[in-house]
Each structure stands twice: as C-alpha cells, then as structure tokens.
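> from the sequence below, what's the structure:
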Amino acid sequence: MSSPEPIVAKGLGRQFGGNVVIEPLDVSVGCGQRVGIVGADGAGKTTLLQMLAGILDPTVGECQVLGVDTRQGAKQIAARIGYMSQGFTLYDRLSVKENLSFAARIRDVPDELYRERSERLLSMSGLGRFTDRPAAKLSGGMRKKLSLCTNLVHEPELLILDEPGLGVDPLSRRHLWAMLDRFRAQGLTMVVATSYMDEAELCDRILLLEQGRVLADGSLEELLRPAAGRVFTVNAGNIGRGLRELSGILAHIQSVHSVQWLPDHLRLVMNADIAENQLAELLPEGAHLAAAEPRLEGLFVLRTEKMTGEQQFPKLTRQDRGKEEGLVATGLSVRFGHFKAVDRVSFEAPSGELLALLGPNGAGKTTLIRALCGLVAIDEGSARVAGVSSGGGSTALRRQIGYMSQRFSLYLELTPWENLRFFANAYGLAGGAARAAIDWAREVTGLTDIPDKLTGDLSSALRQRLALACSLLHRPRVLFLDEPTSGVDPVARYRFWRVIRELAASGMTVLVTTHYLEEAAYCDRLALMLDGRLLAHGSRSSLNHSLGLEADATVETLFTAAIEQAGTANSRALGP
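Have a look, this model is predicted:
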C-alpha cells in the first residue's frame, strides 16, 4: 500500500485485552488538509491519534504515515511529524529557551536553522520575552504554545494535536489557533482532536467518533446537512421559570428528539423534518418559535438517545433562605511571597445566585476560590460564606460549602462507591443518613448506573458527575465549581448545566469558573478578573452597556473587550 497522501489507514483497529477501543476503520488525510476528530469522552480519539503517530501498534489493519508503515517505521515517522499530547510534554525545570533547544537537538536540527526557526516561533507565540522563565512557572496558555513550538521547530510534514485548547483561556486559545492558521497557510497537514466545537468547525474535514466507531466523516457542510429543517429555537416570552416549565412540556412531544435549555431560549432537535407551522401547533400558547441553523454540537444530540428537557433529574425543592448571605468578599487579598495573587477583591453573591468568575489563565480565580473555602490564608480584607468567616478553614465553614476543583477532587484509586462513602464520612454523615445523602446526590446528578471499576478508569463525563455528587452530599449552601466542564462533550455539558441551574433555583449559591464562555451566559452575573484584580462585576447586560457593546453581545465579546480596555491584556494572559 503506497499513496502520496500523508495518512492512509485501512481496517485500522485497536483493542486492549477484550475491550475494543477502535473498531476497524478506513481513513485518509490529504496533503495540506486539517482534519478534526471529535467525539464524546472515551470515544477513542486519543487512541486513534496514537496509532496515526506510530506510538501504538494497531491490533488489526494497517496504516501508512508519510508513506511509512507505522508498525515497521515508528522511529522514522516520529522524526518527520509533530505530536502534541494532552499532557504538556515539557521539562518543568528547563526554561522556555532550553525546552525549545532540547527539542531541536533531539530532532537533529542544525544550529543555524535552529536560531532562525526559534526566533520566528518565539515571536509568533509571544514567548520571546520569557525565554529564561522555567516551564513550571508558565501559565497554561503559555505552556500550550511552548509545547506547540517544540513540535514545530523541526518543521514537520504532519502535525498531530490532542486537545490543544483544553484548559486554556479564550485569549490564549485564539493565539494558539492563529499560529496553527499560519502553518496551515504554508501547507502543513494537521489532525486535531478536540472537544471544542468551534475548533472543529475550523477544520476542512471532521471525523465524528462514538465508542470507537466512525459515525460521520465529511466537511462541516456535509455533516450538518441531515439536520437541516430539524432545528428550532423556542422562547417562552420570559426567562427562568417559563423556560423551565416549557422544556418539560416539549420533552413529552413524541416528535421532539431533544430539548436543550440554553441561557435565554430552548433549542429543539426534531426526529424528522417538520414544517414550522406544524410544530407551532404543538406548542403551548405564548411560546415563540423560529427555525434555526444546525450547529456541530447538534450532531452529538442527533447521535445520542432521546434527551429530554427533564433529563431524569428531579425538580429540587426551593429552600427559603430569607435574606441569608451567600458570598461576601471585602478587600480580599492573597500573597505568595512578593507576588499578589488576589488584589483587594470585593463582591457579593446572594443566596440562590449563579455567578461566573471569568479571566485568563493565571488571573487568580482558583486562588480566590481557595481563599473563600479557607484553604488559602487571606492576607488582607475578609470574606464570609453563608455567614461564616472564611478564615482558618473551620468545621462550621466546611459544612456550608461544596468544592469541585479543576482536578475533580476524587480519589482515582478508589471505586465510585468508595469515593461517595469517603466523602459522606468526611462531612460527618454515617449509617442511614449517609445512605440517604448518597441516594439523593446520585439522583440529583443523574448518576444512576455506577460502574464497578476504579474511578481513574471512568470517562471524564462520569468522573465529573461523581465529583459533583460528592460535593453535594451534605447539601451545602454555597457550591464552588472550578472548570467543571473542561474536556467533556457537548451533551455532558448540557446535562451538567441543567443540574447546576436547578441547584441555584433551589436556593444554593453557585460560583463557577469556565473557559467555555458560552456557558457563562447561563449565569445571573459575571465577575471578570485580571492580574488578581476584579475588573468588572454585574449582569451581562449591564457589563455590555458599561463597555459600550451591543445589548446582545456575546460573553466572549464582552470578555475580550474588558481585557483590552484594562490595557494589560498581555501581562497575566501570557503568564503569572
């Protein structure tokens, strides 16, 4: 088998023991193409990329990369491609310049070419001012860009990227893809696995995987064609309770495949084409219907089981908190040596509010959350959580809060049941009280079927729900969620946010950070951070007005404008 195409695979499959991860598939990638691989967590994206990179041998089938068989010529392939894994693949003790120099030396890049290429890459990535900084001291966005540079310094013929935008703030993601666009214009062939649908839409071809099978393969236009005439938006005339009730009504209409509860409207996907006037007759009086353009995220919905507005999650009882406090921070500052990670932050979030805390990597969001939870000492100012002082991490404070960190806050070497029982015990629950709390948390989060395996072997989506359940066992009054949806597929995100909105509607105060800015539109108010400072705090409409934006400007537009108006967009956005 020989071909001028950079990648040609026939009957390519992989299994681990008796577990089939990739069913035999045929795939080819043309010269200069950028192919996106998307799919739910556990679909097999990383396994497929590793086979294409010659890191894993296929169990069945064959694959040629740049005309070389992956089984026989893995070393030859490795010398001619760039492979950027989900891990950052950097040496933390080495500086930016040393990491780049090391990557060039192991690729046998001549010194004169290295000097020319490194200067160009460092300038393009914005890392030229940070060449002496250790990789361990870089922000997430800077690390991603440096990792990309180390995979480009030998000018590969093929670039394979596994979730390049994962955990990176919107500004850094934009810079990263600007770099990729420049190399794409030079004819570099790319294969990119991503859970961000806006990234996938930048690709020439999209390969949709589900449980190791290819569900769809084609251009964005080709993939969206089957959904034409099947997607609609519905507005109840008001936001909140009206949409909530309407979603339940629509879920029981047989011809409705799915109902997605978005910030200010519902999005319907129908089982088949339907005329707008026919659908309008099925809706309750007062609902406003409009046809909508299909989106790539809708492919996930169309390829999954019927997803109803109720999502099998119970409607939570509203807890009457009266005028009880949710969150209050007054002039809060946190220092690490001479570095001020949080700088005189003041804000309030009352009981039942859903607050989005936004900012670039290194803005101080996680440090602020940890200070509010009593996990980091407050150097100046004060904070109260549900009326309890945040200082000292007292038992009274721990009883009021739930905290889901970026790393899911789970013990991966324990089973899900063991995690649930451990956290119940940590919150002082035992016997029947613990069992009742676990049953309640599982019901709220939709964690009905718990696999009998180690937590580390679960998919990200299942770990996400398990971590949320563990943080809710004691029914906290304030819930902190730090990047809870990072790396999960669109369907899992929709389901997760349905739960979060129900929790807030029940009276729980929820503070959430996210780099997926569309999610921030679900929240009542936004708080924007940069350089440890709070740039702005308020509703989306009020912030748009204060920044001179259109009333319906997106959260990403708002975010970018706020950072740019601060005049220091490159300081903390590039690194701490």
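
> from here on, just use CA atoms for contacts and neighbour counts.
Noted.

> pull out the buried positions in stretch 423-432.
Across stretch 423-432, burial judged by 16 or more other Cα atoms under 10 Å covers 423-424, 427, 429.

> I meant to write stretch 508-518 there.
Within stretch 508-518, the residues scored as buried using 16+ other Cα under 10 Å are 508-517.

> hmm, back to that, redo the buried residues of stretch 423-432 as CSV? Include distance to residue 226.
CSV is the format used below for the buried residues of stretch 423-432 (distance: Cα to Cα, whole Å):
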residue, distance to residue 226
423, 45
424, 47
427, 49
429, 51
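
> of those, which belong to helices?
Here DSSP state H is the test, and these give 423-424 as lying in helices.

> can you tell me which of the buried residues of stretch 423-432 is nearest residue 492?
The closest of the buried residues of stretch 423-432 to residue 492 turns out to be residue 423 (Cα to Cα; 23.4 Å).

> my guess is that closest one contacts residue 470, does it?
Yes: here residue 423 reaches residue 470: they are 6.1 Å apart, a contact under Cα atoms under 8 Å.

> residue contacts, the residue most central in space within the chain?
For the chain, the residue nearest the mean C-alpha position is residue 486 (2.6 Å; Cα atoms, centre = their mean). Neighbour list for residue 486: 166-167, 514-516 [criterion: Cα atoms under 8 Å, 6 or more residues apart in numbering].

> what's the closest of the residues you listed to residue 385?
Of all the contacts of residue 486, residue 385 sits closest to residue 514, with 21.1 Å by Cα to Cα.

> what about the residue nearest to that closest one when sequence neighbours are not counted, how many residues close to it?
Distances taken as Cα to Cα, 6 or more residues apart in numbering place residue 483 nearest to residue 514, at 4.9 Å, with adjacent residues excluded. Using other Cα atoms under 10 Å, the number of residues around residue 483 comes to 19.

> can you check the pLDDT for residue 483?
In this model, residue 483 is scored at 87, pLDDT.

> hang on, it packs against residue 511?
No: applying Cα under 8 Å as the test, residue 483 and residue 511 come out as separate, 10.6 Å apart.

> about what we covered before: which one of the buried residues of stretch 423-432 is nearest residue 5?
Proximity of these to residue 5 was ranked by Cα to Cα; the top entry is residue 423 with 52.7 Å.

> residues contacting the closest one?
Residue 423 sits next to 470-471, 473 when contact means Cα under 8 Å, 6+ apart.

> which of those fall in helices?
Among the contacts of residue 423, the residues falling in helices (DSSP H) are 470-471.

> count of neighbours near residue 552?
By other Cα under 10 Å, 12 other residues sit near residue 552.

> gap between it and residue 262?
Taking Cα to Cα, to the nearest Å as the measure, residue 552 falls 15 Å from residue 262.

> buried residues in stretch 107-124?
Buried residues in stretch 107-124 (16+ other Cα under 10 Å): 107, 109, 114, 117-118, 121-122, 124.

> so where is the stretch 401-550 of the chain shaky, pLDDT-wise?
Low-confidence regions of the stretch 401-550 of the chain, defined by pLDDT under 70, span residues 407-408.

> ugh, wrong one, I meant the stretch 51-200 of the chain
Residues of the stretch 51-200 of the chain that meet the criterion pLDDT under 70 lie in 88.

> residue ranges for the helices of it, please.
For the stretch 51-200 of the chain, the helices defined by DSSP state H, counting those that start in this stretch cover 74-80, 96-106, 111-125, 140-150, 170-185, 197-200.

> against residue 100, how distant is residue 134?
Residue 134 is 12 Å from residue 100, where distance means Cα to Cα.

> could you work out the most separated pair of the contacts of residue 486?
For those, the farthest-apart pair by Cα to Cα is 166 and 514; their separation is 11.3 Å.

> hang on, the earlier thing: export the contacts of residue 423 to JSON lines and tack on distance to residue 233 and neighbour count?
Output for these, formatted as JSON lines (distance: Cα to Cα, whole Å; neighbours: other Cα atoms under 10 Å):
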{"residue": "470", "distance to residue 233": "35", "neighbour count": "28"}
{"residue": "471", "distance to residue 233": "34", "neighbour count": "27"}
{"residue": "473", "distance to residue 233": "35", "neighbour count": "25"}
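
> returning to that earlier point: residue 134 and residue 100: who's more crowded?
Taking other Cα under 10 Å, residue 134 and residue 100 do not tie; residue 100 has more neighbours (25 against 17).

> need the contact list for the more buried one.
Neighbouring residues of residue 100 by Cα under 8 Å, 6+ apart: 118, 146, 149-150, 153.

> now flag whichever of those residues is closest to residue 434.
Using Cα to Cα, residue 146 is the member of those that lies nearest residue 434, at 46.8 Å.

> that closest one touches residue 96, doesn't it?
Yes: the criterion here is Cα under 8 Å, and residue 146 meets it with residue 96 at 7.1 Å.

> need the residues touching each of those two.
Joint contacts of residue 146 and residue 96 (Cα under 8 Å, 6+ apart) are residue 127.

> of the two, who's got more company?
residue 96 (30 against 27).

> just the strands from the stretch 201-350 of the chain, written as ranges.
In the stretch 201-350 of the chain, the strands defined using DSSP state E, counting those that start in this stretch lie at 205-210, 213-218, 231-235, 256-261, 266-270, 288-291, 327-336, 339-349.

> direction included, what does the shortest one pair up with?
Paired neighbours of strand 288-291 in the sheet (DSSP bridges): strand 231-235 (antiparallel).

> quick one: residue 400 from residue 70, how far?
Distance, residue 400 to residue 70, by Cα to Cα: 55 Å.

> which one of those two is surrounded by more residues?
When neighbours are counted by other Cα under 10 Å, residue 400 and residue 70 differ, and residue 70 comes out ahead with 25 against 19.

> measure the more buried one to residue 549 for me?
For residue 70, the distance to residue 549 (Cα to Cα) stands at 52 Å.

> equivalent analysis for residue 386, please.
In terms of Cα to Cα, residue 386 sits 34 Å off from residue 549.

> more neighbours: the two, which one.
Per other Cα under 10 Å, whichever of residue 386 and residue 549 has more neighbours is residue 386, with 22 against 16.

> isn't that one up against residue 476?
No: in this structure residue 386 lies outside contact range of residue 476 using Cα under 8 Å: 9.4 Å.

> which residues do those two both contact?
Joint contacts of residue 386 and residue 476 (Cα under 8 Å, 6+ apart) are residue 400.

> neighbours of the nearest residue to residue 553 once chain neighbours are set aside, how many?
Using Cα to Cα, 6+ apart and skipping the chain neighbours, the partner closest in space to residue 553 is residue 544 (6.8 Å). Residue 544 sits with 22 neighbouring residues when counted by other Cα under 10 Å.

> which non-adjacent residue is nearest residue 288?
Leaving out its chain neighbours, residue 288 is closest to residue 235 (Cα to Cα, 6+ apart), at 5.0 Å.

> again, but for residue 22
In space, residue 22 comes closest to residue 212 once its chain neighbours are excluded; the distance is 4.0 Å by Cα to Cα, 6+ apart.

> show the contacting residues for the one you found.
20-23, 43-45.

> and those residues as TSV, adding secondary structure and distance to residue 284?
Below are those laid out as TSV (DSSP: H, G, I helix; E, B strand; the rest coil; distance: Cα to Cα, whole Å):
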residue	secondary structure	distance to residue 284
20	strand	46
21	strand	45
22	strand	45
23	strand	45
43	coil	38
44	coil	42
45	helix	42
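
> check the residues you listed for the minimum pLDDT and say which it is.
In this model, the minimum pLDDT among those belongs to residue 43 (86).

> could you pull up phi and psi at that one?
With angles defined as degrees, to the nearest 10, residue 43 sits at phi -70, psi -20.

> can I assume residue 12 is in contact with residue 25?
Yes: if you go by Cα under 8 Å, residue 12 and residue 25 touch, sitting 5.1 Å apart.
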